[in-house]
Structure formats: structure tokens, C-alpha cells
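Chemist: could you work out the structure for the sequence below:
(6 chains)
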Number of protein chains: 4
Amino acid sequence: MLFAINDRDPTPLFEQIVSQIKGAVAEGKLEIGQSLPGVRELAEGLGVNLHTVHKAYQRLRDQGVIGLRLGRRARVARRDRPAGKRIVNEKVVRRLEDAASEAAMLGVSADEFRRFVDAIVARKLNGRET
Amino acid sequence: MLFAINDRDPTPLFEQIVSQIKGAVAEGKLEIGQSLPGVRELAEGLGVNLHTVHKAYQRLRDQGVIGLRLGRRARVARRDRPAGKRIVNEKVVRRLEDAASEAAMLGVSADEFRRFVDAIVARKLNGRET
Amino acid sequence: MLFAINDRDPTPLFEQIVSQIKGAVAEGKLEIGQSLPGVRELAEGLGVNLHTVHKAYQRLRDQGVIGLRLGRRARVARRDRPAGKRIVNEKVVRRLEDAASEAAMLGVSADEFRRFVDAIVARKLNGRET
Amino acid sequence: MLFAINDRDPTPLFEQIVSQIKGAVAEGKLEIGQSLPGVRELAEGLGVNLHTVHKAYQRLRDQGVIGLRLGRRARVARRDRPAGKRIVNEKVVRRLEDAASEAAMLGVSADEFRRFVDAIVARKLNGRET
DNA sequence: GTGGTCTAGACCACC
DNA sequence: GTGGTCTAGACCACA
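Modeler: From the prediction side, this is the model:
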């Protein structure tokens, strides 16, 4: 299975699923037109409720990431939109600030911090459009 | 007043307060031993309920950022135990991963992400020892 | 019901709840992964307010004893990280010192104290590996 | 100075003072009839408010540990009483249970636990009557 | 005046 | 149904 749920992460389950599928699409692990696992199938694979996967798929459809047609498997759609840049940035910036605050209080240097960022960006954000 | 609440931000109020105080401590705007505004005082200043601020203070105490004693004002705690590089790095990396996950989920590009990091590092981590 | 509140005890209600649940976990009465009663359910069972139980659950989550996920019941968490003998011992010793301070302050003799220890060790720590 | 305040200890300041003086008496560091430092003097020495020391002295007088006479220094009195054994024991036992729960969850063995107890009892509870 | 606890009731998001 | 947040008001113990 490509995807996995992290129980220690407080992020809602359906958001984790959404995130992972979007990530897989962005990284090219899932190509345009390729079909996704069925709702029940993925739900069982992840050990979550059917409704949770369903909600994730709905969300992905609302965001234009996948296409859903009654009776057919979900398929990766063509493009993504920018969404409300304003609030998006606010959330990310807040989390970065928390990380920096923690770093400052624990005596981590700016260089070390940047090195961490590089490693994580390489792992999580590569292959994404600007 | 040093702090401010953003009502449009879906982040819980008490977390916003926690973040801001941690940030102020990290940036040196609040020094060790300095006393914070009283619970009621800050609550009124921010236009939130007394209990909301109280919850934020409790959280900050649990994280070792401030010291709370019944009948005395809250004070910025001295940061003892660097606790060993291992654990420190883990903590910071975990928070950075949170930020990156959030970014990935919201479609922020690696470049944008790095730009955010640069701005924040400049503000919070400049002139720190390695 | 496994738990009970002692109204004559000046210890805060939520702390009593925390202690009892931690105790139950330690003694194996509550196993890893087992789900705890819902907040409202336990509150009614104990005759306390919903928020009081909620506070106890939050505290237990912060201490890593239980896992909380929105919409799901609370579950006993798996105890990862033995964290190194050093830290572990420090934690236990600190709590024992609290107990001894309390005893000293209240005029409990060393003999009495030891008798208490014997009873509790027999109940909670028997058959554990070194 | 014989006494010291521990700011990291959440125990109220006046209780810490009470505890230390009772301890000093029990260990013989303060003999019967010996005079204690004046309220202002001790307050300054400990870096606490005058009222806090005053409250501690009052408490000690109520418990029969010291004698207070207007215009004279406080003096160590003859004997102590058992107090409400019931609730006293409850508090101590609860703290010991917390320590044992923590130990059990962290994998500390019964033997190790007893060794910790021995060390702490030797340090904090020696020379006390049953 | 300070933090800390408890009750109460409303509303939200998640499952 | 679940946990999570916020408001509100009362009361307590400590400094």
C-alpha cells in the first residue's frame, strides 16, 4: 500500500489521506488518469472507517484533484488550483514560527535549522509547482 | 499590548496565545524572569475569556516556557536542560515536519516554503551560536 | 464502574481521575489499545462535570498515557520510548521525593512510610523485570 | 541559612517553610527551646514576602511545633500531635501510588523502586518518631 | 490581586 | 456519537 495513517499525528484522518494522495499526485507516483483504490478497499487497507475515506475523496474532488463518477473508480484529474493563498500561508507560517520558536528556545542555530529544513523539503515538498 | 488575536484564523484562540508568547520569549522580547500580564488582564486586553488565557498559560507551563505559582504572576522560566542534542533536534524536526506536511497538504511549493523559512529565520534565529 | 471520586479528599477532582486511570493502566486493569469511557459517560458515572473529566483526559494525553482523536474514543496508548534509564529514574525519583516531602510535612514516620511502600509495591510492581 | 525555597516545586511557599522547620526539629538541628529567626529576617533570607513566613509560623504554632509570644522570638516547643491520621495517610498513599504507577509504566522493577525509596527515606525521613 | 478548580451550557468538527 | 473550544460565573487558596 502506498498510503499509511499516522496515529500519533493529531491531524484528522481524512486530511492525512487527502494530503498523501495530493502528495503522490504531485510527486508523480500517481499519474493523470490513473485510477485510485476503491473506497472500501482503501478503508480496509488503512484500518479506518469507510466514511473517512469517502470524505477524503469528496474533498479531493472538491479541490479538483480527482474525478468521481458514480459506479466508476476515482481517477486522477488534470490540474489543481491555488486556493485562498492568504489563509494558506498564514497556517504554514504559523507552524514554521512555532518550529523556529522551539529552535530558538532550545539553542538550535540558524544553520542547523536550515539544514533541517533542507532535508525535510527534499523529502516532502519536491516536485511541486510554484 | 504585545499580543493580538486573529479571529479569522481557525487556530484555537488559546493556541494563538501560546504561539505568540513562545515567539516573544524566543525573540527575546520577553526575558527570563520577566512577569507576564495577569490572566484577567491579558484576557481583557485580547477580548477573550479569562479561561482561554488560563488554558494557554497552563499549556506554556507544561512545556516549561513559563513558571506559575498560585498567588504570583506568571514568569518566564529559565531554560534549564539542553537535554542532549538528540532530543532537541527531534523536537525541532518534528515541528518542521508538521509545517512541511501542512504546506504539502495546502499545495505550497518548495520555493515558497523556503522563502517563509528565510523570513522567519532572519527574525527569530539570527546571531545564535551553533 | 472502575473509578470513584473521594469528595473528602482535597486533591482536585481531575487529578484524582488522572491518578486512578494511570493506576489502572499501570496495574494492567486497562490494557494497551483498550478504549476508555466517553467523557460524558465517565462524568455522569463519577458525578462530576463533563469538563472535569475532559481536563483529566487532556492531562493524560499530555503525559502520553492515552491517545485522543477527535470523534474517536480515548484509548490507552502504547508506551514507546523507554527513554533511557537516566530520565526514567529521574521521573520516578522526583515523584517519590514528592511523596516523602508530603510525608515529612505531615509527620509520617519512616516506618509508616515504608509500610505504605510495601503495600503499594505488592499491588503494582510485582512480577516486573529488572 | 538552614532553609531554602525550591521554586520548581509547586508546593506553596509557606508549606515548604513549614515542612523544613518541622524537618529541622525532627532531625534535631533545631532543639527544644531554641529560638527561630525573626519573621522579617527569615523572609529576607529566603527571598519571600514577610506575610508568607508569618503564615508558616502561625501554622507551626497551630500544630504545636513552635511557641509564639508577642514581642519575643519564636521558640521550638515540646511535642507534636498525630493530627487526623486518616486523611494524612490518604495524601501520602496517593502520592506513592502515583510514583508506583509511573514506575510500572516506565518499566522500573520493584527492586529498583525499593532502592529509590531507601535512599529517599534516609535523606528525608530519618529521625522521625512513629 | 493572583492563579486554580468546578460547574454549566453552547457550538463545532470529526467519525 | 465522539472529543475540542469558548464563554460565563462562582468560589477557593495563596501571596
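Chemist: okay, and the residue nearest the centre of chain A sits in which element?
Modeler: Closest residue to the average C-alpha location of chain A: A:Ser19 at 1.6 Å, with CA atoms, centre = their mean. Per DSSP states H and E, A:Ser19 falls inside helix A:13-26.
Chemist: how about that helix and chain B, any contact?
Modeler: Yes: contact of helix A:13-26 with chain B (CB under 8 Å from any CB of the partner chain) involves A:Glu15, A:Val18, A:Ser19, A:Lys22, A:Gly23, A:Ala26. Any C-beta I mention is one placed from the backbone N, CA and C, and that applies to glycine too.
Chemist: save these as JSON lines, and put in distance to chain C and pLDDT too.
Modeler: Shown next, in JSON lines, are these (distance: CB to the nearest CB, whole Å; pLDDT from 0 to 100):
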{"residue": "A:Glu15", "distance to chain C": "11", "pLDDT": "87"}
{"residue": "A:Val18", "distance to chain C": "16", "pLDDT": "87"}
{"residue": "A:Ser19", "distance to chain C": "16", "pLDDT": "80"}
{"residue": "A:Lys22", "distance to chain C": "21", "pLDDT": "80"}
{"residue": "A:Gly23", "distance to chain C": "21", "pLDDT": "73"}
{"residue": "A:Ala26", "distance to chain C": "27", "pLDDT": "69"}
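Chemist: turn those into TSV, columns for distance to A:Val48.
Modeler: Converted to TSV, these look like this (distance: CB to CB, whole Å):
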residue	distance to A:Val48
A:Glu15	12
A:Val18	13
A:Ser19	14
A:Lys22	17
A:Gly23	18
A:Ala26	22
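Chemist: what's the spacing between A:Val76 and DNA strand F?
Modeler: 30 Å (CB to the nearest atom of the strand, to the nearest Å).
Chemist: can you report how many residues lie near that residue?
Modeler: 18 (other CB atoms under 10 Å in any protein chain shown).
Chemist: try A:Ala99
Modeler: So A:Ala99, with other CB under 10 Å, has 28 neighbours.
Chemist: equivalent analysis for A:Ile21, please.
Modeler: 24.
Chemist: how much space between it and B:Arg40?
Modeler: 47 Å (CB to CB, to the nearest Å).
Chemist: can you give me the angle the helix or strand hosting A:Asp111 makes with helix A:13-26?
Modeler: Using DSSP H and E, A:Asp111 falls within helix A:110-124. Taking axes from the mean of the first three to the mean of the last three CA atoms, to 10 degrees, one finds helix A:110-124 and helix A:13-26 inclined to each other by 80 degrees.
Chemist: which strands or helices does helix A:110-124 pack on?
Modeler: helix A:85-106, helix B:85-106, helix B:110-124 (3 or more CB pairs under 8 Å, 6 or more residues apart in numbering or on different chains; DSSP states H and E).
Chemist: can you give me phi and psi for the residue nearest to A:Lys22 when sequence neighbours are not counted?
Modeler: In space, and not counting its chain neighbours, A:Lys22 is closest to A:Val65: 5.8 Å by CB to CB, 6 or more residues apart in numbering or on different chains. With angles defined as degrees, to the nearest 10, A:Val65 sits at phi -80, psi -40.
Chemist: state the distance from A:Val65 to A:Ala56.
Modeler: 10 Å.
Chemist: identify the contacts common to those two.
Modeler: The contact sets of A:Val65 and A:Ala56 overlap at A:Ile21 (CB atoms under 8 Å, 6 or more residues apart in numbering or on different chains).
Chemist: neighbour count winner among the two?
Modeler: More crowded of A:Val65 and A:Ala56, by other CB under 10 Å: A:Ala56, with 26 against 23.
Chemist: give me the phi and psi for the residue lying farthest from the centre of chain A.
Modeler: In chain A, A:Gly107 marks the outermost C-alpha relative to the chain mean, sitting 30.6 Å out by CA atoms, centre = their mean. Taking degrees, to the nearest 10, you get phi 80, psi 20 for the backbone angles of A:Gly107.
Chemist: ok, now how distant is it from B:Arg114?
Modeler: Taking CB to CB, one finds A:Gly107 at 23 Å from B:Arg114.
Chemist: circling back: quick check: buried residues in the helix holding A:Asp111?
Modeler: Within helix A:110-124, the residues scored as buried using 16 or more other CB atoms under 10 Å in any protein chain shown are A:Ala110, A:Glu112, A:Phe113, A:Phe116, A:Val117, A:Ile120, A:Val121, A:Lys124.
Chemist: likewise stretch A:51-64?
Modeler: For stretch A:51-64, by 16+ other CB under 10 Å, it's A:Thr52, A:Val53, A:His54, A:Lys55, A:Ala56, A:Tyr57, A:Arg59, A:Leu60.
Chemist: quick check, nearest of those to DNA strand E?
Modeler: Closest approach to DNA strand E among those (CB to the nearest atom of the strand): A:Thr52, at 5.0 Å.
Chemist: from chain D, how far off is the closest one?
Modeler: 31 Å (CB to the nearest CB, to the nearest Å).
Chemist: A:Phe3 too?
Modeler: 32 Å.
Chemist: shouldn't A:Val117 be in contact with B:Phe116?
Modeler: No: between A:Val117 and B:Phe116 there is no contact under CB atoms under 8 Å: 9.7 Å.
Chemist: follow-up on the earlier one: could you export the helices and strands packed on helix A:110-124 to CSV, including columns for mean pLDDT and distance to C:Ala103?
Modeler: Listed next are these as CSV, based on pLDDT from 0 to 100; distance: least, CB to CB, whole Å:
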stretch, mean pLDDT, distance to C:Ala103
helix A:85-106, 83, 36
helix B:85-106, 82, 33
helix B:110-124, 92, 46
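Chemist: show me how chain A divides into domains.
Modeler: Domain segmentation of chain A under automatic domain parsing yields A:13-76, A:85-124.
Chemist: export those domains to a markdown table and tack on distance to B:Ala4?
Modeler: As requested, the domains of chain A are arranged in a markdown table below (distance: least, CB to CB, whole Å):
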| stretch | distance to B:Ala4 |
| --- | --- |
| domain A:13-76 | 27 |
| domain A:85-124 | 13 |
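Chemist: sorry, back to before: so which of the buried residues of stretch A:51-64 comes closest to DNA strand F?
Modeler: Of those, the one sitting nearest to DNA strand F (CB to the nearest atom of the strand) turns out to be A:Thr52, at 10.9 Å.
Chemist: for A:Ala110, give its distance to DNA strand F.
Modeler: Taking CB to the nearest atom of the strand, one finds A:Ala110 at 31 Å from DNA strand F.
Chemist: excluding residues flanking it in the chain, which one is nearest that residue?
Modeler: Nearest non-adjacent residue to A:Ala110 (CB to CB, 6+ apart): B:Leu125, at 4.0 Å.
Chemist: touching, the residue nearest to A:Lys22 and A:Arg78? I think so.
Modeler: No: in this structure, A:Val65 is not within contact of A:Arg78 by CB under 8 Å, at 9.6 Å.
Chemist: so who does A:Ala56 touch?
Modeler: A:Ala56 sits next to A:Phe14, A:Glu15, A:Ile17, A:Val18, A:Ile21 when contact means CB under 8 Å, 6+ apart.
Chemist: nearest residue to it other than its sequence neighbours?
Modeler: Once flanking residues are discounted, A:Ala56 sits nearest to A:Ile17: 3.9 Å by CB to CB, 6+ apart.
Chemist: pLDDT at the one you found, what is it?
Modeler: On pLDDT, A:Ile17 comes in at 88.
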